[in-house]
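Engineer: need coordinates for the following:
(chains A and B)
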Protein chains: 2
Amino acid sequence: MTVSTSLSRTETLSLFSLSAACVGIIANTFQGDGEPLIASIAFSGIAYASTYALIRWLGDVFMRAGLKGRDMSKTRTDEIPETMGAVCAVVYLLIIIVFIPFPFYKDIVMATSGGGNRDLVLEVQHVETGRLLHRFPHSKLSSYLSAILSIQSVVLLGVGDDLFDIRWRHKLFIPAFAAIPMLIVYFVDFGVTQIVIPTPLRSYFGALFDLGWLYYAYMAAISIFCPNSINIFAGINGIEVSQSLVIASLICLNDALYLSPFTEYPHPATDSHLFSLYLLLPFIGVSLALWAHNWYPARVFVGDTYCYFAGMIFAVVGIQGHFSKTLLLLFMPQIFNFIYSAPQLFHIVPCPRHRLPKFNARTGLLECSTAEFRKPLSPLVSAVMRLMHRLRLLRIVENDAGQITESTNFTIINLWLVWFGPMREDRLAIGLLTMQTIVGLVGLFIRHRLALWVFTADNLHYTYSSA
Amino acid sequence: MTVSTSLSRTETLSLFSLSAACVGIIANTFQGDGEPLIASIAFSGIAYASTYALIRWLGDVFMRAGLKGRDMSKTRTDEIPETMGAVCAVVYLLIIIVFIPFPFYKDIVMATSGGGNRDLVLEVQHVETGRLLHRFPHSKLSSYLSAILSIQSVVLLGVGDDLFDIRWRHKLFIPAFAAIPMLIVYFVDFGVTQIVIPTPLRSYFGALFDLGWLYYAYMAAISIFCPNSINIFAGINGIEVSQSLVIASLICLNDALYLSPFTEYPHPATDSHLFSLYLLLPFIGVSLALWAHNWYPARVFVGDTYCYFAGMIFAVVGIQGHFSKTLLLLFMPQIFNFIYSAPQLFHIVPCPRHRLPKFNARTGLLECSTAEFRKPLSPLVSAVMRLMHRLRLLRIVENDAGQITESTNFTIINLWLVWFGPMREDRLAIGLLTMQTIVGLVGLFIRHRLALWVFTADNLHYTYSSA
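Structural biologist: Numbering: from 1, shown residues only, chains lettered A, B, ... in the order given. Alright, predicted model coming up:
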């Protein structure tokens, strides 16, 4: 199957109708008071349609510019376009920028003495218009812009990574640089570094505890972790986009819990969760369009750009929405994969150039890929690996002398193959994604059932803490 | 001469000392009240040093990624790195983001009920601390961030242009897309679309006239014009960077007129011109480092990215500083070049693929490049071209039948060669830049001498207009 660079008539018609419907909805919001959430959904539809069309149209252009690669898990050997995540990212950025006037009140400057001076400003601070018409006060605009800046930075650096093939230990810091705008604006604009202490510990620490600069280190760590953890949970068709879609949907579900009619309104976290939805819905739009081209058998690759882009959106939403702990609950499979990968990432165990599963051309199935050890491993490492083998967390091969000569690679994808045996690429992806969805749903359930035991506020019940 | 990819010992020492001194100055501003302008100068020093080093170190990496080109005006045929403007841009963006805490007061959030809510905010609105310690009120942060967003957008799209070699008629719209963040935030955040009417016309229009959406069209036009006009005034070593440095310096001079001790303080335009300096000083820093490598004989090329990047900074500064008319005065040579180029750009006269001057390998000098006309030109076009030839604004060649068969290309660079004959590449650049500087200085002189005849406020005298 080669890459088609044009849309079929059905595709053109569907995408055109979708876009037309969305434009209609957006135009309609101008007539009424403008429901930002409805507009956001419509914008996401446009995001889907334009990304879908652009991925098709730009395939050739990308190939000619050298952004192409060969799928190592297929029998065919032709090359397909790489770095298509950049198309998603550019469409996404444009959409969330054009969206700005919808959720924000217009700051009405009545008089100016020139040069951008605001001599008289009428600010709309607290107008209650109900759940659907809820808008952000003007002071939130800086946060929103800094979020966009961080996402755009990670895309710019991500494209650099895809172009120049940056070394692994440098890659790690791409999201760190990209997080700077968000952290700096947080510092200037909000600057609260206090955390709420769980009820049982309040007698020791008080209700609030000021983390100071540690809070910035924590935010930076989240920003570095999310993009990179998606980037290492990769290697089979569709897994990067699908896992991002699962995480995004689960965050949206969590947001919906705070905005549903069963939740009191206004709730102190309403703004945060609307903010989260406004950033995530268009992301889901562009990702679905990419998914349609990247799912097995892939017709385009997403590139590191997409992984950084997706991870950064989650980090931004979690940090600026002040629900980073919930976010980490939804990253359980990625956290497991990262910890499980650590021995190879930090070279405690030799790490081959590629760790993706091995394609068996005869059966058409994926099998565990392995790392071979020329030199004997240290006794401690060998002992731990033998234990993991016994716990079915690894599969090792020993020679007659009892030395470990080979082991499966330390990734969750290989572990899945250890557990369930060789399987086709899409079965493997579906298995992993089902697991991820279940783990995420259980995480959210626990978070909302158990949170009130340790904290005083939630989506269902809240009392202002006596800060 | 090949590209050296490492720094000499002298260079390392100089750059290191410069950086150390700048870091020292910045650290010192923490101890006192923090003079933002001093910090900005120090940051610009760091910007220079890091760009200089990075251009060297990354030369090879860019060549390997295919970002390279051959200098058509040299006898040597080896390739040198292209798109080095992207390095400038990334350093620049990082610097102006890290700079944010210096010019902005910290918004002090005293209490929050969670989820990013600001229940109690102490805002520092009007603290007068004198000329050097002047800081921006918090409401300016959104403008500053939207400026960065627009610059970053143009860089992202510019890199795309350099990679994919986008068609000329699509290129034109790259800055238009990039201007969207700035225009949208202007709409939400400030929204003033009134212009001050010159005194003689006030009896007809009143003191202020509301342009409405035309004002946005005007801002978009400026944003499209500035980057593209630099992009077409290009083609010889160092001309893109040098012309940008001349414009930047002249804007800084204009800013200094508003901030000098001879100007009343506080002045309504103080903020605008500080804003302009904060964006331009680091730009001058990164550009000087690029200039050192791009001046004749060039060791790197700047790429379209640089032209967009530079032009967008000027557009942003002019628009958000509310001095776009003054800005256009400083763009006189570019405006002339654009109008002069128009017949070829809009295909009224056939336009060859490249219009840069022709290198004569025997003499080592640059000569006018020409366009040949296979088909006879229309009588009107011929008549105009003959007139231009007589006015020494063009050089044409006619055949025996009196038909124009050849003419010099319609660029200011070729016109210069028509006027002063073949010359070496650096002489040509120096000539054009001297002309540009003189025109700019005269423009500024006129603006500051004559403005008070038609408007009521200036840097030297101002009275609040009775708006």
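Engineer: so which bits of the stretch 201-350 of chain A are right by chain B?
Structural biologist: Within the stretch 201-350 of chain A, the positions near chain B by C-beta under 8 Å from any C-beta of the partner chain are A:Pro268, A:Ala269, A:Thr270, A:Asp271, A:Ser272, A:His273, A:Phe275, A:Gln320, A:Gly321, A:His322, A:Phe323. In this view, the C-beta of every residue, glycine as well, is placed from N, C-alpha and C.
Engineer: wait, A:Ser143 touches A:Val188, no?
Structural biologist: No: the pair A:Ser143 / A:Val188 is not scored as a contact, 10.7 Å apart, by C-beta atoms under 8 Å.
Engineer: neighbour count winner among the two?
Structural biologist: Remark: of A:Ser143 and A:Val188, A:Ser143 carries more neighbours, 26 against 21, as counted by other C-beta atoms under 10 Å in any protein chain shown.
Engineer: skipping adjacent residues, who's closest to the more buried one in space?
Structural biologist: Computed as C-beta to C-beta, 6 or more residues apart in numbering or on different chains, the closest residue to A:Ser143 that is not its neighbour in sequence is A:Gln320, at 5.5 Å.
Engineer: so where's chain A shaky on pLDDT?
Structural biologist: Residue ranges of chain A with pLDDT under 70: A:1-4, A:32-34, A:105-135, A:137, A:265-266, A:451-467.
Engineer: and chain A, what are its domains?
Structural biologist: Following automatic domain parsing, one finds the domains of chain A at A:9-330+A:425-453, A:358-420.
Engineer: looking at these, which is buried most?
Structural biologist: Mean neighbour count (mean count of other C-beta atoms under 10 Å in any protein chain shown) peaks for domain A:9-330+A:425-453 among those, with a mean of 19.
Engineer: how far away from the center of its chain is it?
Structural biologist: Distance, stretch centre to chain centre, for domain A:9-330+A:425-453: 7 Å (C-alpha atoms, centre = their mean, to the nearest Å).
Engineer: start and end of stretch A:193-211, how far apart?
Structural biologist: 6 Å (C-alpha to C-alpha, to the nearest Å).
Engineer: give me phi/psi at the residue of the stretch 251-400 of chain A found nearest chain B?
Structural biologist: Closest to chain B within the stretch 251-400 of chain A is A:Ala269: 3.3 Å, counting by C-beta to the nearest C-beta. Recorded main-chain torsions at A:Ala269 are phi -100, psi 10, according to degrees, to the nearest 10.
Engineer: gap between it and A:Phe323?
Structural biologist: 8 Å (C-beta to C-beta, to the nearest Å).
Engineer: do the same with A:Ile247
Structural biologist: A:Ile247 is 13 Å from A:Phe323, by C-beta to C-beta.
Engineer: equivalent analysis for A:Lys140, please.
Structural biologist: Going from A:Lys140 to A:Phe323 by C-beta to C-beta gives 16 Å.
Engineer: next one: A:Thr411
Structural biologist: 28 Å.
Engineer: quick one, strands of the stretch 1-150 of chain A?
Structural biologist: Under the criterion DSSP state E, counting those that start in this stretch, strands of the stretch 1-150 of chain A are mapped to A:68-70, A:79-81, A:108-111, A:120-122.
Engineer: following the helix or strand harbouring A:Gly285, which helix or strand comes up?
Structural biologist: Assigned by DSSP states H and E, A:Gly285 belongs to helix A:270-294. Downstream of helix A:270-294, the next assigned helix or strand under DSSP H and E is helix A:303-320.
Engineer: can you name every helix or strand that that following helix contacts?
Structural biologist: When contacts are defined as 3 or more C-beta pairs under 8 Å, 6 or more residues apart in numbering or on different chains; DSSP states H and E, helix A:303-320 sits against helix A:85-98, helix A:141-164, helix A:174-189, helix A:213-232, helix A:239-259, helix A:270-294, helix A:324-330.
Engineer: now do 6 Å
Structural biologist: helix A:85-98, helix A:141-164, helix A:213-232, helix A:239-259, helix A:270-294 (3 or more C-beta pairs under 6 Å, 6 or more residues apart in numbering or on different chains; DSSP states H and E).
Engineer: rewinding a little: what residues are shared contacts of A:Ala269 and A:Phe323?
Structural biologist: Counting by C-beta atoms under 6 Å, 6 or more residues apart in numbering or on different chains, A:Ala269 and A:Phe323 have no contacts in common.
Engineer: so A:Arg371, which of the three states?
Structural biologist: Check again: residue A:371 is Ala, not Arg. Classification of A:Ala371 by DSSP: H, G, I helix; E, B strand; the rest coil places it in strand.
Engineer: isn't it right up against A:Pro352?
Structural biologist: Yes: applying C-beta atoms under 6 Å, one finds A:Ala371 in contact with A:Pro352, separated by 5.2 Å.
Engineer: now A:Ala47: closest residue in space, sequence neighbours ignored.
Structural biologist: Closest residue to A:Ala47 apart from its sequence neighbours, by C-beta to C-beta, 6+ apart: A:Gly285 at 3.6 Å.
Engineer: so what's the one you found up against?
Structural biologist: Counting by C-beta under 6 Å, 6+ apart, A:Gly285 has contacts A:Ser44, A:Ala47, A:Tyr48.
Engineer: again, only this time at 8 Å
Structural biologist: Residues counted as contacts of A:Gly285 (C-beta atoms under 8 Å, 6 or more residues apart in numbering or on different chains) are A:Phe43, A:Ser44, A:Gly45, A:Ile46, A:Ala47, A:Tyr48, A:Thr51, A:Tyr92, A:Ile95.
Engineer: any idea how far A:Ser369 is from A:Ile80?
Structural biologist: Distance of A:Ser369 to A:Ile80, computed by C-beta to C-beta: 21 Å.
Engineer: re earlier: and for A:Ala371 and A:Pro352, which residues touch both?
Structural biologist: A:Asn409.
Engineer: thought A:Val316 was touching A:Tyr278?
Structural biologist: No: under the criterion of C-beta under 8 Å, A:Val316 makes no contact with A:Tyr278, lying 11.5 Å away.
Engineer: need the residues of the stretch 201-350 of chain A next to chain B in JSON lines (columns: distance to B:Gly238).
Structural biologist: Formatted as JSON lines, those follow (distance: C-beta to C-beta, whole Å):
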{"residue": "A:Pro268", "distance to B:Gly238": "57"}
{"residue": "A:Ala269", "distance to B:Gly238": "55"}
{"residue": "A:Thr270", "distance to B:Gly238": "55"}
{"residue": "A:Asp271", "distance to B:Gly238": "50"}
{"residue": "A:Ser272", "distance to B:Gly238": "50"}
{"residue": "A:His273", "distance to B:Gly238": "53"}
{"residue": "A:Phe275", "distance to B:Gly238": "46"}
{"residue": "A:Gln320", "distance to B:Gly238": "43"}
{"residue": "A:Gly321", "distance to B:Gly238": "48"}
{"residue": "A:His322", "distance to B:Gly238": "50"}
{"residue": "A:Phe323", "distance to B:Gly238": "52"}
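Engineer: closest one of the residues you listed to B:Leu444?
Structural biologist: Comparing these against B:Leu444 with C-beta to C-beta picks out A:Gln320 as the nearest, at 43.1 Å.
Engineer: roughly how far does the closest one sit from A:Ala269?
Structural biologist: To A:Ala269, A:Gln320 is 12 Å away according to C-beta to C-beta.
Engineer: what of A:Thr77?
Structural biologist: In this view, A:Thr77 and A:Ala269 are 52 Å apart by C-beta to C-beta.
Engineer: tell me the contacts of A:Phe233?
Structural biologist: A:Ile239, A:Glu240, A:Gln243, A:Pro333, A:Gln334, A:Asn337, A:Thr411, A:Ile412, A:Ile413.
Engineer: try 6 Å this time
Structural biologist: So A:Phe233 contacts A:Gln334, A:Asn337 (C-beta under 6 Å, 6+ apart).
Engineer: pull the distance from stretch A:334-347 to the chain's centre.
Structural biologist: 19 Å.
Engineer: do me a favour and get the end-to-end distance for stretch A:358-371?
Structural biologist: End to end - C-alpha to C-alpha - stretch A:358-371 spans 12 Å.
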